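Colleague: A predicted structure for the sequence below; I have some questions about it.
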2 protein chains.
Amino acid sequence: MNLIEIKKKLIKHGINPSISRIKIYESLDKNRIHPTVDKIYNELHGELITLSKTTVYNTLKTFVNHNLVKVVNLGEGELRYDIMQDDHFHFRCKTCDDVYDFNAKEIDIESSNLTGFKIEEVNIYINGQCPKCIKK
Amino acid sequence: MNLIEIKKKLIKHGINPSISRIKIYESLDKNRIHPTVDKIYNELHGELITLSKTTVYNTLKTFVNHNLVKVVNLGEGELRYDIMQDDHFHFRCKTCDDVYDFNAKEIDIESSNLTGFKIEEVNIYINGQCPKCIKK
DNA sequence: GTCTCTGCAAATCGTTTGCAATGCT
DNA sequence: AGCATTGCAAACGATTTGCAGAGAC
């Protein structure tokens, strides 16, 4: 997604497309590594020298409020941020700490005994080792 | 589980059964509400007047290290603690904040496209509304 | 007496907030 | 000017750590 497209996307979601916001969105869109605030900040503050972490936090919160981005809490310290996409779940490698996406379609939660419960959100995350780290 | 049984269980897991530890374990065992540190502390410090939150933290960490208890992070602030039991997942009601257990046997994670990945731990948690709160 | 357990207070760390400075139209 | 955006510094809240005092054997 190029800068013009991002700009349009932000406007469509009611967000004023400032340079920081465009760049932060671009960073999330370009490398889908479920970055933490720190990673985003470190990636961008060479280019946007005045960028502060507060702005990264503010911007991500704006994105979340406008349903552009989802917060992912893998329970290991910092929050991670994820561009909104279809139902998927996360696999986190305990060795390299990378997070992979997996399609959640196949997983049949409904077959469970949840009668009477209203499911709003299903979160699945798996810990383990990724193929790269297994090879080593 | 009565106090004698808890004492034995702690000893069997290599934990010196102090009063605080027995009481904290009893609290976890008695009300399986996936309590936070705060809830445990509030439940017990009437009875154990000198109890401190540090001790609750220390004790829970000891339990976790000795595989008596599992940390559950539902991504909403505090950690929750759960007596070790068979594979199960959590349903958290967004209205009353109660957490329910569900058996995870039925959920067939393996059928997914995770070839090459070594699965060590599968975490599933669902947000929604419980039957009680739906009725209201 | 030694060694563990406990609890206060301070430190830590990610995140949030208050507010003043800056930027945009 | 008037309003939104940004960024520093302080606040926050859950958890951890350092360490000294209490307790057990």
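Modeller: Looks like it came in fine.
Colleague: which ones are touching A:Pro17?
Modeller: If you count contacts by C-beta atoms under 8 Å, 6 or more residues apart in numbering or on different chains, A:Pro17 has them with A:Ile6, A:Lys7, A:Leu10, A:Ile11. C-betas here are computed from N, CA, C, even on glycine.
Colleague: A:Lys53 and chain B, how far apart?
Modeller: 21 Å (C-beta to the nearest C-beta, to the nearest Å).
Colleague: Next, work out how far apart the nearest residue to that residue once chain neighbours are set aside and DNA strand C are.
Modeller: Leaving aside its sequence neighbours, A:Lys53 sits nearest to A:Tyr41 (C-beta to C-beta, 6 or more residues apart in numbering or on different chains; 5.2 Å). Taking C-beta to the nearest atom of the strand, to the nearest Å as the measure, A:Tyr41 falls 10 Å from DNA strand C.
Colleague: Alpha carbons only: can I get the worst-scoring helix or strand of chain A on mean pLDDT in CSV?
Modeller: None of the helices or strands of chain A scores lower by mean pLDDT, DSSP states H and E than strand A:99-103, at a mean of 84. Extracted as CSV, the C-alpha positions of strand A:99-103 are listed here (Å, rounded to 0.1, in the frame of the first residue of the first chain):
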residue,chain,number,x,y,z
VAL,A,99,4.9,-14.0,15.8
TYR,A,100,3.3,-15.8,12.9
ASP,A,101,-0.3,-15.6,11.6
PHE,A,102,-2.4,-18.6,11.0
ASN,A,103,-5.8,-18.8,9.5
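Colleague: How about residues contacting that strand?
Modeller: Strand A:99-103 has contacts (C-beta under 8 Å, 6+ apart) with A:32-34, A:72, A:74, A:80, A:85-93, A:130, B:112-114, B:117.
Colleague: just checking, what packs against the one helix or strand the residue nearest to A:Lys53 maps to?
Modeller: Using DSSP states H and E, A:Tyr41 sits within helix A:37-44. Using 3 or more C-beta pairs under 8 Å, 6 or more residues apart in numbering or on different chains; DSSP states H and E, the elements in contact with helix A:37-44 are helix A:19-30, helix A:53-65.
Colleague: at 10 Å what do you get?
Modeller: If you count contacts as 3 or more C-beta pairs under 10 Å, 6 or more residues apart in numbering or on different chains; DSSP states H and E, helix A:37-44 packs onto helix A:19-30, helix A:53-65, strand A:80-83.
Colleague: Spatially central residue in chain A, please.
Modeller: Geometric centre of chain A, nearest residue: A:Asp82, 1.1 Å, by C-alpha atoms, centre = their mean.
Colleague: contacting residues for that one?
Modeller: For A:Asp82, the contact set (C-beta atoms under 10 Å, 6 or more residues apart in numbering or on different chains) comprises A:28, A:32-35, A:69-72, A:88, A:90, A:99, A:101.
Colleague: One more: A:Tyr125?
Modeller: A:72-75, A:89-92, A:99, A:102, B:73, B:75, B:121-125.
Colleague: In helices only, show me these.
Modeller: The members of the contacts of A:Tyr125 all map outside helices under DSSP state H.
Colleague: Any buried residues in stretch A:125-136, and which?
Modeller: A:Tyr125, A:Ile126, A:Asn127, A:Gly128, A:Gln129, A:Cys130, A:Cys133 (16 or more other C-beta atoms under 10 Å in any protein chain shown).
Colleague: could I get the residues you listed as CSV with pLDDT and secondary structure?
Modeller: Putting these into CSV (pLDDT from 0 to 100; DSSP: H, G, I helix; E, B strand; the rest coil) gives the following:
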residue, pLDDT, secondary structure
A:Tyr125, 85, strand
A:Ile126, 87, strand
A:Asn127, 86, strand
A:Gly128, 89, strand
A:Gln129, 90, strand
A:Cys130, 91, coil
A:Cys133, 91, helix
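Colleague: Make a markdown table from the helices and strands packed on helix A:37-44 and add mean pLDDT to it.
Modeller: Output for these, formatted as a markdown table (pLDDT from 0 to 100):
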| stretch | mean pLDDT |
| --- | --- |
| helix A:19-30 | 95 |
| helix A:53-65 | 96 |
| strand A:80-83 | 91 |
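Colleague: Looking at those, which is nearest to B:Asn65?
Modeller: Distance to B:Asn65, taken as C-beta to C-beta, is lowest for strand A:80-83 among these, at 26.3 Å.
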